[in-house]
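Visitor: give me coordinates for this.
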Amino acid sequence: MLFEQLNIIPPILKALKNEHYLTPTPIQERAIPPLLEGKDLLGCAQTGTGKTAAFAIPIMQILYNDKLASKRFDKIQALILTPTRELAAQIGESFYTYGKFLGLRNLVIFGGVSQRPQVDALQRGVDILIATPGRLLDLIEQKFINIHHVKFFVLDEADHMLDMGFIHDVRKIIALLPTKRQTMLFSATMPSEINKLVNTILVDPVKVAVTPVSSTVDIIQQKLYFVNKNNKKTLLIHLFKNKEIASALVFSRTKHGANKITKDLIQAGIIAEAIHGNKSQTARMTALHNFKAKKTRVLVATDIAARGIDIDELSHVINYDLPEVPETYVHRIGRTGRAGLGGIALSFCDNEEKKLLAEIQKLISKNIPIVEEHPWPLVANEPARINHDAPKKPFAPRRRPAARTSSPAKRTRDQ
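Guide: Predicted structure coming up:
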């Protein structure tokens, strides 16, 4: 099927053609027609399936047709709510790309930066607002935003909203929306809390499930390295000697770990940057821009910061640390299988992570192929790590025990 067969208007088709998008992904093919008919939608889809276009195209098409009839809106018509700054910016780029010939006004707002430019843009007029929950509520409370006239509401990455503790903010925002609206909810997984939310905000929704979270993308080549924790750094640097790893997204479990990995790579002469929650918004966006522009070969990220990263032709994803939640593994490796493209996912596993590996392989119903031949194979009983950089204590001969003249209490402490 081609996009032309989905009853999409010429200005959007022109924008899609400019990006060389001719064939819709499964979720686009199944979601766009009912959304153009005005139906609510529940989409179960992981990242990389093309879900942003699945809701952006119908929203812009309907608004464009309305605009032709009434010329100009004076209120926010569509609200897209998303959990992270990176994902909000990515969605904003998609709306700009697909709607470049429509004349609709899009704005992305999120925290971590000055609100003044966002307020100025709001006062000039906005048709489509992409927002994170915290900044949206702040600007609503300050009377800069009114969402009482929203016709389209999209709740994206609903399960991640739950993980990040945003569910109460989401409920506050929903309470401010008009009852009569078209609602779209997208989530990679459907925990009970999200199911409750679905039942309260969607009306007779069309349900679209694409690429269940338990099934990894088949075109992604997965490999597993068993390696001791203290050899992970050396193995990672060794892998980057392979020039076929053109660009890699490396996942760390912690912010501190991301910084340490980045420092080690830079010391080895590999251009790398880190992206995580402790970085300023400017630093995060700069790092992401450099990576997309191929100025940086390696981007080291935590899971939360990586949400919303959408990079064309990403050759490798490397799990330096295995995730504690098995579904996260699927989300991670999906970064290198975007829009039907292939890729390679490499994972390191030490002794302490074997239980996490078992949970991942149970979820995906397959064993990840093991790379047997590498210079640093896993040792069953890993020796304790020695900090060779620690200052050495001067040698002091062991003293003979004192004569039994101390009190019983003292003897007990000394023993």
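Visitor: which SS class is the residue nearest to residue 333 when sequence neighbours are not counted?
Guide: Of all residues not flanking residue 333 in the chain, residue 345 sits nearest, at 3.7 Å (Cβ to Cβ, 6 or more residues apart in numbering). In this view, the C-beta of every residue, glycine as well, is placed from N, C-alpha and C. What DSSP: H, G, I helix; E, B strand; the rest coil gives for residue 345 is strand.
Visitor: my read: residue 345 touches residue 317, true?
Guide: Yes: under the criterion of Cβ atoms under 8 Å, residue 345 makes contact with residue 317 at 4.7 Å.
Visitor: anything in contact with each of these two?
Guide: 332, 333, 336 (Cβ atoms under 8 Å, 6 or more residues apart in numbering).
Visitor: ok, longest helix in the chain?
Guide: helix 51-70 (DSSP state H).
Visitor: next helix or strand past that one?
Guide: Per DSSP states H and E, the first helix or strand lying C-terminal to helix 51-70 is strand 78-81.
Visitor: now do that following strand: distance to the chain's middle.
Guide: 18 Å (Cα atoms, centre = their mean, to the nearest Å).
Visitor: give me the next element, helix or strand, following it.
Guide: Counting by DSSP H and E, what follows strand 78-81 is helix 85-98.
Visitor: mean confidence score for that next one?
Guide: For helix 85-98, mean pLDDT is 91.
Visitor: just the CA atoms of it, as PDB, please.
Guide: Output of helix 85-98 as PDB, limited to C-alpha atoms (Å, rounded to 0.1, in the frame of the first residue of the first chain):
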ATOM      1  CA  ARG A  85      11.900  16.700  26.500                       C
ATOM      2  CA  GLU A  86      13.700  14.700  23.900                       C
ATOM      3  CA  LEU A  87      10.500  13.000  22.800                       C
ATOM      4  CA  ALA A  88       8.600  16.300  22.700                       C
ATOM      5  CA  ALA A  89      11.300  17.800  20.500                       C
ATOM      6  CA  GLN A  90      11.200  14.800  18.200                       C
ATOM      7  CA  ILE A  91       7.500  14.900  17.800                       C
ATOM      8  CA  GLY A  92       7.700  18.700  17.100                       C
ATOM      9  CA  GLU A  93      10.200  18.000  14.300                       C
ATOM     10  CA  SER A  94       7.700  15.400  12.800                       C
ATOM     11  CA  PHE A  95       4.800  17.800  12.900                       C
ATOM     12  CA  TYR A  96       7.000  20.400  11.200                       C
ATOM     13  CA  THR A  97       8.200  17.900   8.500                       C
ATOM     14  CA  TYR A  98       4.800  16.500   7.600                       C
END
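Visitor: quick one: buried residues of it?
Guide: Going by neighbour count (16 or more other Cβ atoms under 10 Å), the buried part of helix 85-98 is 85, 86, 87, 88, 89, 90, 91, 92, 94, 95, 97, 98.
Visitor: could you list the low-pLDDT ranges of the stretch 201-350 of the chain?
Guide: 211-218, 305-310, 312, 337-342 (pLDDT under 70).
Visitor: any chance you could map the strands in it?
Guide: 206-210, 220-226, 248-251, 272-275, 298-301, 316-319, 343-349 (DSSP state E, counting those that start in this stretch).
Visitor: most packed of those strands?
Guide: Using mean count of other Cβ atoms under 10 Å, the stretch among those with the largest mean neighbour count is strand 298-301, at a mean of 27.
Visitor: could you spell out the sheet neighbours of it, each with its direction?
Guide: In the sheet, strand 298-301 lines up against strand 248-251 (parallel), strand 272-275 (parallel) (DSSP bridges).
Visitor: neighbours around residue 190, how many?
Guide: Neighbour count of residue 190, defined by other Cβ atoms under 10 Å: 16.
Visitor: torsion angles phi and psi at it?
Guide: Taking degrees, to the nearest 10, you get phi -130, psi 70 for the backbone angles of residue 190.
Visitor: setting aside sequence neighbours, what's the nearest residue to it?
Guide: residue 44 (6.2 Å).
Visitor: helix, strand or coil: sort out the one you found for me.
Guide: strand.
Visitor: circling back: in helices, which of the shared contacts of residue 345 and residue 317 appear?
Guide: 332, 333.
Visitor: by neighbour count, which of the shared contacts of residue 345 and residue 317 wins?
Guide: Busiest of the shared contacts of residue 345 and residue 317 [other Cβ under 10 Å] is residue 333, holding 28 neighbours.
Visitor: roughly how far apart are the closest residue to residue 357 other than its chain neighbours and residue 231?
Guide: Nearest residue to residue 357, sequence neighbours excluded (Cβ to Cβ, 6+ apart): residue 349, at 5.0 Å. As judged by Cβ to Cβ, to the nearest Å, residue 349 and residue 231 stand 12 Å apart.
Visitor: residue 66 now?
Guide: 60 Å.
Visitor: which one's more surrounded, these two?
Guide: Between residue 66 and residue 231, residue 231 has the larger neighbour count (other Cβ under 10 Å), namely 20 against 14.
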